[in-house]
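**Q** The amino acid sequence is not available; the structure is as follows:
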């Protein structure tokens, strides 16, 4: 059951990252980000198949937790729908339709926004891991992707080390954006 | 076009609140929260119908922005799918299946978690609006619902005033939870 739980958690977290990335791809009209959403959707399909298989196998061995398994299956299906919707949003960008400013404004004018900032050598982020800096608990901004040169790091974790020149794509409260940008720039310190 | 944009933004924000509330309903096995998700889903259906009508009417008057309208329609449909998935998650709770600890753990063991805290008279939150306290940019925790006595306030805004005794349901980084709870309790000050 533990393994099934962890798979469900992985599925849930991936679907949330996919939604954030899908809106980001639209906001920055970025094919690379949109492609990652499509890639994650394929990964989700595999994971969904695995979880369904694990549920059936577990159910064969013990009928005790059948109710629990049913719920996990329902959740898995709902999460898969969310992932598909994210892919469908990213598809707008992949079809070359993502250059409409109206859409970008709609994503930006919320209490929760997506924005990006460039890390300078002066920044306390430079050379630190995300876990060391605890950016999200300091300004509410949660890093969903990092552009390093031509490469992207999607859904970075606590061990991801930030470098000078990194472009951080983050989601968080409107209130936190200015501090986040100034912190990446080195103007603000902790 | 401005009106259509605002409707799309409303749709997007509501769908994100619905997902957060759906997982919250599961985490706290709360029928009230689950019912709100179903209520919002009905509101989404109405809003979706309105936006589709507005798109058709706009398209009749000016064919200039047809590409833009198509994209908005695609986004509206994807967002509707997300809202449906949220309702389907909340439905687990409404069917009385939400008391399985396995599911609750799966929601809790993430980098981004949902948790709740009670506001005491000592807290700097007491008597302040959310806009005044800027909780989300201070600890990353974003309030998705407030339980006040037997009533809920869902998706509170900047003007929502917090009172002693309020139970705040918030989503945010694991790192921010302890501070959030201590701040609501009055142990931590700004």
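**A** Looks like it arrived, so ask away. Note that this is a predicted model, so its numbers are computed, not measured.
**Q** Quick check: mean pLDDT of stretch A:71-91?
**A** Taken as a whole, stretch A:71-91 has a mean pLDDT of 95.
**Q** the helices in chain A, which residues?
**A** Counting by DSSP state H, chain A has these helices, from start to end: A:2-27, A:31-61, A:66-94, A:101-108, A:130-133, A:135-139, A:174-185.
**Q** Output the lowest mean pLDDT helix or strand found in chain A.
**A** helix A:101-108 (a mean of 68; mean pLDDT, DSSP states H and E).
**Q** what's the closest of the helices of chain A to residue B:184?
**A** In terms of CB to CB, the element of these nearest to residue B:184 is helix A:135-139, at 14.9 Å. All C-beta spots, glycine's among them, are computed from the backbone N, C-alpha and C.
**Q** Please work out the average pLDDT along the closest one.
**A** For helix A:135-139, the mean per-residue pLDDT is 91.
**Q** residue ranges with poor pLDDT in chain A?
**A** For chain A, residues meeting the criterion pLDDT under 70 lie at A:102-103, A:105-107.
**Q** thinking again about what came up before, turn the helices of chain A into TSV, including distance to chain B.
**A** What follows is those, written out as TSV (distance: least, CB to the nearest CB, whole Å):
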stretch	distance to chain B
helix A:2-27	5
helix A:31-61	11
helix A:66-94	4
helix A:101-108	5
helix A:130-133	9
helix A:135-139	4
helix A:174-185	4
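**Q** for those, which one ends up most surrounded?
**A** For the helices of chain A, the largest average neighbour count (mean count of other CB atoms under 10 Å in any protein chain shown) is found in helix A:135-139, namely a mean of 25.
**Q** Give me the contacts around that one.
**A** Contact partners of helix A:135-139, identified using CB atoms under 8 Å, 6 or more residues apart in numbering or on different chains, comprise A:125, A:141-143, A:170, A:172, A:176, A:179-180, A:183, A:190, B:137, B:139-140, B:172-173, B:175-176, B:179.
**Q** Repeat that for stretch A:28-48.
**A** A:7, A:10-11, A:14-15, A:17-18, A:21-22, A:24-25, A:76, A:79-80, A:83-84, A:86-87, A:89-91, A:93-94, A:98-99, A:104, A:116, A:145, A:152, A:154, A:169.
**Q** at 7 Å instead, please
**A** When contacts are taken as CB atoms under 7 Å, 6 or more residues apart in numbering or on different chains, the neighbours of stretch A:28-48 outside the stretch itself are A:7, A:10-11, A:14-15, A:18, A:21-22, A:24-25, A:76, A:80, A:83-84, A:86-87, A:90, A:93-94, A:98-99, A:145, A:152, A:154.
**Q** Equivalent analysis for stretch A:54-72, please.
**A** The list of residues contacting stretch A:54-72 from outside it, by CB under 7 Å, 6+ apart, reads A:1, A:3, A:4, A:7, A:8, A:73, B:92, B:97, B:100, B:102, B:103.
**Q** Stretch A:153-168 too?
**A** Around stretch A:153-168, the neighbours that count as contacts under CB under 7 Å, 6+ apart are A:17, A:21, A:36, A:116-121, A:125-131, A:143-148, A:184.
**Q** Just the terminal-to-terminal distance for stretch A:168-179.
**A** 13 Å (CA to CA, to the nearest Å).
**Q** Same question for stretch A:20-33.
**A** Start to finish, the residues bounding stretch A:20-33 are 10 Å apart (CA to CA).
**Q** Narrow the contacts of stretch A:153-168 to those in strands?
**A** A:116, A:117, A:118, A:143, A:144, A:145, A:146, A:147, A:148 (DSSP state E).
**Q** Nearest residue to the fifth one in space, please, no chain neighbours.
**A** Taking CB to CB, 6 or more residues apart in numbering or on different chains, and ignoring the residues beside it in sequence, residue A:144 has residue A:20 as its nearest neighbour in space, at 4.6 Å.
**Q** can I assume residue A:13 is in contact with residue B:110?
**A** Yes - using CB atoms under 7 Å, residue A:13 is in contact with residue B:110, at 5.8 Å.
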